[in-house]
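>>> I'd like to go over a predicted model; first the sequence, then the structure.
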Amino acid sequence: MSSISAPDIASLLSLDPYLSPFKSHLDTLYSSYQQTRDRILSLSPSLEEFARSYRDFGIQIQTDNSVRCKEWAPNLARLNLAGDFNHWNKSEYELERKESGIWELVIQPDDKGHCKIPVGSDLRYFCEDKQGNKFDRISPWARYVTQGTRIYFNEVFLPSPQFEWGYKSPTPPRVLYIYESHVGICTPEPKISSYVEFADTVIPRIAKLGYNSVQLMAVMEHAYYASFGYQVTSFFAPSSRFGPPDTLKYLIDTAHKHGMLVLLDLVHSHASNNTTDGLNSFDGSDSHYFLSGPAGKHDQWNSRIFDYTNTDTLKFLLSNLEYWVSEFKFDGFRFDGVTSMLYHHHGVNYSFSGDYNEYFNEYLNQGAVNYMMLANEYLHTKYPNIVTIAEDVSGFPGLCRPVHEGGVGFDYRLAMSTPDLWIKLLKESTTDAEWNVGNIVHTLNNRRYKEKNIAYVESHDQALVGDKSIAFWLMDQEMYTNMSVLSDLTPRIERGIALHKILRLLTFGLGGEGILTFMGNEFGHPEWLDFPREGNGESYHYCRRQYNLADDELLRYKFLERFDGAILTAERDYKWLDKGNGYIYLAHESDKVIVFERGDLCFAFNLHWESFQGYRTQVKTPGKYKVVLNSDAEHFGGQNRVDLSTEYFSYTEGDKFYISTYLPSRTALVFQLCD
């Protein structure tokens with residue numbers, strides 16, 4: 001079959017002319033996508049029916065109280081179901097092998113019409129493969145699994161309750177203010193917190209602060225708590241650590257009540273290597289759902305790589321998307337590990353310079369790209385308000401353009417170079433004089449035209465033990481002794497608070513079309529995040545978020561949280577994130593001053609340790625200006641050196657317009673034309 005072009009590929013090539021020499025590669029990708037789609041439709045009446053397979057597979061109670069079991073396991077010779085409901089009799093209920101590796105069993109209700117498997121029963125499959133190996137597994141489609149000591153040993157039979165939803169999904173906001181969260185660490189107590197606690201305490205808090213979206217990590221079940229949820233063992237099971245499935249629905253309903261979208265941190269880039277409690281080797285083979293041999297193993301992550309060309313794998317993954325949206329009303333997905341999916345080398349030990357030959361070569365994983373195109377096209381067609389975000393560090397062109405243009409179809413990509421920029425500066429610079437402001441603005445403003453980015457200052461990885469948050473890099477051990485308003489404001493704390501505010505406003509002002517904060521970073525959460533493990537004595541001491549610090553009026557954390565809320569309020573009022581890239585007027589190396597225009601606002605940042613009087617600050621339009629956001633305000637822990645009643649009148653030099661401003665040291669000011 002000859003290659004075909006996407007219907008609107010001319011639009012993509014117009015936006016990015018550098019793609020023109022690679023049009024044949026784009027045509028190959030689109031043709032392969034169409035072939036994959038056609039293959040699915042030859043086996044199923046529609047993509048929607050294909051993606052609703054979760055209703056058919058697994059262990060499911062029927063309307064007549066019978067139980068139907070259905071699995072795909074081509075390498076098995078025998079498959080039996082047992083549990084405490086039949087005293088773990090491994091031979092009583094045997095599934096029958098059908099065509100194409102399908103196994104089925106129907107357990108009829110008892111004489112009184114009652115289901116023979118009581119709610120809450122522990123279940124397992126007992127298997128024998130074609131090679132004579134015997135082992136036990138849980139269903140790949142299990143919707144609830146519970147933990148013994150360290151592994152998930154049983155599926156729990158838990159028919160979905162009829163949860164009464166109280167609120168509809170909100171209309172997607174103009175731009176996203178995302179609060180990235182882990183339910184288990186959402187309280188100050190050293191414990192595993194619950195979906196209900198998150199709903200009742202965190203959701204109202206961040207809604208009041210101004211966030212309009214919450215992104216949930218570690219929802220998909222994972223045997224190893226310290227994996228941060230990225231070693232998924234049961235793809236259809238909400239993590240039972242945090243409560244039963246209906247309490248996750250309560251969390252989502254509560255978020256919708258507050259007008260917030262809920263995004264799922266989705267892991268389709270790989271799966272846990274576990275067998276007894278995971279998806280790996282369900283039928284005893286190396287290739288069930290996964291690529292066989294070395295190609296099916298991610299050595300760096302010690303996990304399995306999906307075979308995205310396999311129809312049954314696509315059925316499993318697309319059904320997983322449909323399941324989380326239709327059953328739990330998630331409003332979108334953050335696709336984890338997209339760089340790993342895009343390339344056979346997974347981005348490991350591979351440096352991307354921006355040369356397009358680095359994208360379009362033998363390392364491109366065509367099957368994975370086709371799956372992401374299929375997933376985005378399906379989701380956006382059936383759910384027009386859905387939001388999809390790609391975690392890609394490579395800068396793959398067209399990733400966030402529609403499939404009909406030949407793109408991969410995501411709405412946003414994470415601006416992953418930004419947190420790398422800040423952490424590198426803080427780690428490697430011995431003085432602020434070493435900060436290269438030209439490189440800062442280039443990194444923040446450098447993104448693909450018409451491909452939207454989510455800007456963020458620091459990633460959740462930086463909170464993990466072995467690294468530090470931005471606040472801790474800035475203030476370090478003095479956060480233990482000098483964050484009280486009753487203690488001396490030391491030079492380190494003063495600098496740290498000032499720069500923490502500047503870095504956030506600079507990133508959110510210039511770095512993308514949406515913003516993201518990992519929980520606690522909005523108020524400069526101290527220390528690090530360390531999950532309980534053998535190495536720390538199974539301690540939960542660092543596995544929590546201390547919101548009480550920001551609530552304490554005697555601590556300086558409140559200033560950082562207030563400023564975070566002020567940024568969101570300012571963006572909501574003046575709307576700059578959807579106004580295209582910022583226009584850089586100044587990046588002065590010796591002065592450490594950055595000035596740019598975005599939307600109808602002028603942003604001025606003084607990163608210098610000295611103040612400047614009468615600083616010539618360029619503006620786009622002549623007239624009278626006023627300050628609408630001042631990081632140096634006393635309310636934000638500043639020194640109150642800027643008089644907010646001051647009016648700034650423009651003057652002309654040549655064909656440019658300027659205002660004369662006072663730029664205090666380590667201060668950010670936002671000006672608005674008011675006349």
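Yep, that arrived. Residues are numbered from 1 along each chain as shown.
>>> where does the stretch 451-600 of the chain dip in pLDDT?
Low-confidence segments of the stretch 451-600 of the chain, defined by pLDDT under 70: 465-466.
>>> quick one: the helices in it?
Using DSSP state H, counting those that start in this stretch, the helices assigned to the stretch 451-600 of the chain run over residues 470-475, 491-510, 547-551, 557-574.
>>> and of those helices, who's closest to residue 269?
helix 491-510 (25.7 Å; CB to CB). (Glycine included, C-beta is placed from N, CA and C.)
>>> if we can go back for a sec, in CSV: the helices of the stretch 451-600 of the chain, plus distance to residue 483 and mean neighbour count.
Below are these laid out as CSV (distance: least, CB to CB, whole Å; neighbours: other CB atoms under 10 Å):
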stretch, distance to residue 483, mean neighbour count
helix 470-475, 8, 22
helix 491-510, 7, 23
helix 547-551, 8, 18
helix 557-574, 6, 20
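>>> pretty sure residue 634 contacts residue 644?
No - counting by CB atoms under 8 Å, residue 634 stays clear of residue 644, with 11.1 Å between them.
>>> just to revisit the earlier point, to residue 248, which of the helices of the stretch 451-600 of the chain lies closest?
With CB to CB as the criterion, residue 248 lies closest to helix 547-551 of the helices of the stretch 451-600 of the chain, at 21.0 Å.
>>> please compute how far that closest one lies from its chain's middle.
25 Å (CA atoms, centre = their mean, to the nearest Å).
>>> do the same with stretch 636-652
Mean C-alpha position of stretch 636-652 versus that of the full chain (CA atoms, centre = their mean) differs by 38 Å.
>>> show residues contacting it.
Residues from elsewhere that reach stretch 636-652, judged by CB atoms under 8 Å, 6 or more residues apart in numbering: 497-498, 501, 556, 559-560, 562-563, 566, 611, 619, 621-627, 630-634, 657-662, 664, 667, 669, 671, 674.
>>> what subset of those is buried?
Those of these that meet the buried threshold are 497-498, 501, 556, 559-560, 562-563, 566, 611, 619, 625, 627, 630-633, 657-659, 661-662, 664, 667, 669, 671, by 16 or more other CB atoms under 10 Å.
>>> the contacts of stretch 636-652 in strands, which ones?
The strands, defined by DSSP state E, take in 619, 624-627, 630, 657-662, 667, 669, 671 from these.
>>> now do stretch 322-336: distance from first to last residue.
End-to-end span of stretch 322-336 (CA to CA, to the nearest Å): 17 Å.
>>> actually stretch 99-109, sorry about that
End-to-end distance of stretch 99-109: 26 Å, with CA to CA as the criterion.
>>> how about stretch 449-458?
By CA to CA, one end of stretch 449-458 lies 23 Å from the other end.
>>> what's that stretch in contact with?
Residues outside stretch 449-458 that contact it (CB under 8 Å, 6+ apart): 15-16, 176, 178, 389, 398-401, 411-415, 418-419, 422-423, 444, 447, 469-470, 503-504, 507-508, 510-518, 521.
>>> buried members of the residues you listed into PyMOL, please.
Command for PyMOL, covering only those of those found buried under the criterion 16+ other CB under 10 Å:
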select buried, resi 15+16+176+178+389+398+399+400+401+411+412+413+414+415+418+419+422+423+444+447+469+470+503+504+507+508+510+511+512+513+514+515+516+517+518+521
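>>> could you dump the helices of the stretch 451-600 of the chain to TSV with distance to residue 132?
Listed next are the helices of the stretch 451-600 of the chain as TSV, based on distance: least, CB to CB, whole Å:
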stretch	distance to residue 132
helix 470-475	55
helix 491-510	58
helix 547-551	56
helix 557-574	61
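>>> out of these, which gets nearest to residue 380?
helix 557-574 (25.4 Å).
>>> what about the closest one, distance to the chain center?
Worked out by CA atoms, centre = their mean, helix 557-574 lies 22 Å from the chain centre.
>>> list the helices and strands it packs on?
Counting contacts by 3 or more CB pairs under 8 Å, 6 or more residues apart in numbering; DSSP states H and E, helix 557-574 is packed against helix 203-209, helix 491-510, helix 547-551, strand 624-630, strand 667-673.
>>> include distance to residue 185 when you put those into a markdown table, please.
A markdown table is the format used below for these (distance: least, CB to CB, whole Å):
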| stretch | distance to residue 185 |
| --- | --- |
| helix 203-209 | 14 |
| helix 491-510 | 21 |
| helix 547-551 | 11 |
| strand 624-630 | 31 |
| strand 667-673 | 30 |
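>>> quick one: closest of the ones you listed to residue 219.
It's helix 203-209; of the helices and strands packed on helix 557-574, that one is closest to residue 219 (CB to CB) at 14.9 Å.
>>> could you check how far residue 304 is from residue 608?
Residue 304 sits 51 Å away from residue 608, going by CB to CB, to the nearest Å.
>>> more neighbours, these two?
Higher neighbour count among residue 304 and residue 608: residue 304, with 24 against 21, using other CB atoms under 10 Å.
>>> which residues touch that one?
Taking CB under 8 Å, 6+ apart, we find residue 304 in contact with 270, 271, 272, 273, 279, 280, 289, 290, 296, 297, 298.
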